[in-house]
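Student: Following is a predicted model, sequence given first.
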Amino acid sequence: MAPPIAYARNRDVNIAYQVFGEGPIDLLMIPGWVSHLQIEWEEPTVARFLERIGSFARVIRFDKRGTGLSDRPPGVATPEERMEDAHAVLDAAHVERAAVWGWSEGGPLAILFAATYPGRTTHLVLYGTRAALGRRDGPDAVSEADFEARMRRLEETWAREPEIFRSPKADAGYRAWLMRFQPAAASPAAAVGLMRANRELDVRALLHAVHVPTLVVSRRDDPVSGEADARRLAEGIAGAKLAIHDGADHAMWLGDAEALAGEVEEFLIGERHATLTDRVLATILIMDVEGSTAQLARLGDARWRDLVAEMHAFARRQLAQHNGREVDMVGDQVMAAFDGPVRAIRCARAIQRDVSGIGIALRAGLHTGEVERAGEALRGVAVHVTARIAALAAGGEILVSDTTRDIVAGSGLAFADRGTHALKGIDEPRRIFAVV
């Protein structure tokens, strides 16, 4: 029998979640492509696997917005919104810190969560996943034409053919369960929309920002993410443990599920909890006034001080509305940090709009990277990258790094390529994009 369903509210969206198990640690499981918290328990292989995990952990599972029993708002959720949903579920379940397990399409979200909220993450487990879900390079790359053809077929056959968790050993009963599961887990358009958004998601540049004990697990011949993918992922995360198991099943509960569960149990129960770190993943926003020296000379000291004070008041109001954290406001500069890049970009737009009414044109730069917290201040290369990007912008313009642009897939934001730039004091050139 499925554990009871509860709901966590993230703004105006209700996220279905369930809690089960009596183990000594809390474990947040982030689902793959689509899920359904009730129907998954109807399949014996799934139920046995979940019960096994619940034997050593207090498990918190949820359906992503747009899938399963969660609300289904229009459009596809951004990675930032999905991460906020996971955060809301932990709060609703009264869990302060938990191990985080992301599998398949849930892997990149788990990486983002662990890097952004190390204080709430004790361990990270990644199974059957990649940092870049869309295979765009290498010998096994999927072309745009092939991907689009697959999406058309997926939408046409969603309720007639089992499309997910394929296994060479799946029997007729399992395939029949899939036919009940798929239409309940998502609509055809939602399934395709999630696939498109996941194809764009790429967190490879953020792997170095993960500072919690990490286990990367894969089955050697997994058709979605096999041994080579797992090795690349583990190499990108400092100190990550890699475990390769025999088999070709992508679904965790198929094949030798006991070996996989035992691997995770040993990793989670046999290690001490991670030490809290002052290094976190953040999106940094830096803004300043275009032509400030000329304006100061024209207006005089007193009027300029009044104008800057008004600008800071506008900025603080928008930071409060967009959950931004003020880092520094000295002179004509605004520096802030955000948990996610979409809010940061929208906040920058709002500040620019507000201050234009008092005759100020603000230029803005954003970059997502690892920073070190020192009291209220932020330090690290990411801060310097942001400052260099901001210096390239014109008044009223928002420039972002390639890293920031790559992780806002599905947000509805559009960008113009501004080319590759050598940034002063930064080792490698960076590709810059303008928000349009």
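Tutor: Received, thanks.

Student: contacts and neighbour counts: CA atoms only from here.
Tutor: Fine.

Student: Mind checking which residue lies nearest the centre of the chain?
Tutor: The residue lying closest to the centre of the chain (Cα atoms, centre = their mean) is L109, at 3.7 Å.

Student: tell me the secondary structure for that residue?
Tutor: Per DSSP: H, G, I helix; E, B strand; the rest coil, the local secondary structure of L109 is helix.

Student: quick one: the helices in the stretch 251-400 of the chain?
Tutor: Per DSSP state H, counting those that start in this stretch, the stretch 251-400 of the chain carries helices over the ranges 257-269, 292-299, 301-321, 341-356, 381-392.

Student: Least reliable of those helices by average pLDDT, please.
Tutor: Mean pLDDT per stretch puts helix 292-299 lowest among the helices of the stretch 251-400 of the chain, at a mean of 79.

Student: Show me what counts as buried in that one.
Tutor: Using 16 or more other Cα atoms under 10 Å as the test for burial, helix 292-299 gives S292.

Student: Next: stretch 387-401.
Tutor: Those would be 387-401, for stretch 387-401 by 16+ other Cα under 10 Å.

Student: tell me how far the ends of that stretch are from each other?
Tutor: End-to-end distance of stretch 387-401 (Cα to Cα, to the nearest Å): 11 Å.

Student: quick revisit: reformat the helices of the stretch 251-400 of the chain as TSV; add distance to V408.
Tutor: Below are the helices of the stretch 251-400 of the chain laid out as TSV (distance: least, Cα to Cα, whole Å):
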stretch	distance to V408
helix 257-269	30
helix 292-299	31
helix 301-321	19
helix 341-356	6
helix 381-392	17
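
Student: show me the contacts for the residue nearest to the centre of the chain.
Tutor: 30, 79, 82-83, 102 (Cα atoms under 8 Å, 6 or more residues apart in numbering).

Student: Could you single out the nearest of these to V280?
Tutor: Checking these against V280 with Cα to Cα, the nearest one is M83 at 14.8 Å.

Student: In a helix, the closest one, correct?
Tutor: Yes. M83: assigned to a helix according to three-state DSSP.

Student: Show residues contacting the helix or strand of the chain with the lowest mean pLDDT.
Tutor: Here the helix or strand of the chain ranked lowest by mean pLDDT, DSSP states H and E is helix 292-299, holding a mean of 79. Applying Cα under 8 Å, 6+ apart, the contact partners of helix 292-299 are 304, 332.

Student: do that again at 10 Å, thanks
Tutor: 289, 301-305, 307, 331-332, 360-362 (Cα atoms under 10 Å, 6 or more residues apart in numbering).

Student: Among these, name the buried ones.
Tutor: Judged by 16+ other Cα under 10 Å, buried ones among these: 289, 304, 307, 332, 360-362.

Student: Any idea which of those the model trusts least?
Tutor: Least confident entry in those, by pLDDT: W304, with 83.

Student: Quick one: residues contacting H367.
Tutor: H367 neighbours (Cα under 10 Å, 6+ apart): 282-286, 337, 341, 344, 382-390, 399-405, 432.

Student: let's see 7 Å
Tutor: Shown in contact with H367 (Cα atoms under 7 Å, 6 or more residues apart in numbering): 283-284, 382, 385-386, 400-401, 403-404.

Student: swap in A238?
Tutor: Applying Cα under 7 Å, 6+ apart to A238 gives the contacts H208.

Student: measure it to L413 for me?
Tutor: Between A238 and L413 the distance is 32 Å, computed by Cα to Cα.

Student: ok, which pair from the contacts of helix 292-299 is furthest apart?
Tutor: For the contacts of helix 292-299, the maximum inter-member distance is 20.0 Å, found between A302 and L362 (Cα to Cα).

Student: What about V95, how many residues nearby?
Tutor: Per other Cα atoms under 10 Å, the neighbour tally for V95 reads 15.

Student: Identify the residue spatially nearest to it, adjacent ones excluded.
Tutor: Once flanking residues are discounted, V95 sits nearest to D26: 7.4 Å by Cα to Cα, 6 or more residues apart in numbering.

Student: Tell me the secondary structure at the one you found.
Tutor: D26 - assigned by three-state DSSP - is strand.

Student: which residues does it bridge with?
Tutor: R58 (DSSP bridges).

Student: quick revisit: save the contacts of H367 as TSV, and put in distance to S143 too.
Tutor: Output for those, formatted as TSV (distance: Cα to Cα, whole Å):
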residue	distance to S143
T283	31
I284	34
A382	33
V385	32
T386	33
V400	27
S401	25
T403	22
T404	24
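
Student: In a markdown table, list the contacts of helix 292-299 along with distance to S218.
Tutor: Formatted as a markdown table, those follow (distance: Cα to Cα, whole Å):
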| residue | distance to S218 |
| --- | --- |
| V289 | 50 |
| D301 | 63 |
| A302 | 64 |
| R303 | 63 |
| W304 | 60 |
| R305 | 59 |
| L307 | 57 |
| G331 | 52 |
| D332 | 51 |
| I360 | 54 |
| A361 | 51 |
| L362 | 48 |
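
Student: Now flag whichever of those residues is closest to T116.
Tutor: Distances from T116 to those, taken by Cα to Cα, are shortest for L362, at 27.6 Å.

Student: That closest one contacts G395, correct?
Tutor: Yes. L362 is within contact range of G395, at 5.0 Å (criterion: Cα atoms under 7 Å).

Student: joint contacts of these two?
Tutor: Taking Cα under 7 Å, 6+ apart as the criterion, L362 and G395 both touch E290.

Student: quick revisit: so what pLDDT did the residue nearest to the centre of the chain get?
Tutor: For L109, pLDDT reads 94.

Student: Could you measure from it over to G396?
Tutor: 32 Å.

Student: Where does N14 sit, in terms of helix or strand?
Tutor: Per DSSP states H and E, N14 falls inside strand 13-20.

Student: could you check the angle helix 301-321 makes with the least confident helix or strand of the chain?
Tutor: With axes from the mean of the first three to the mean of the last three Cα atoms, to 10 degrees applied, the angle from helix 292-299 to helix 301-321 works out at 130 degrees.

Student: Which residue, neighbours along the chain excluded, lies closest to L378?
Tutor: E372 (5.6 Å).

Student: buried sites along stretch 307-322?
Tutor: By neighbour count with 16+ other Cα under 10 Å, stretch 307-322 contains the buried residues 307-308, 311-312, 314-316, 318-319, 322.

Student: ok, of those residues, which one's closest to A197?
Tutor: Nearest to A197 among the buried residues of stretch 307-322, with distances taken as Cα to Cα, is H322, at 23.1 Å.

Student: Correct me if wrong: that closest one contacts I345.
Tutor: No. H322 is not in contact with I345 according to Cα under 7 Å; the separation is 9.7 Å.
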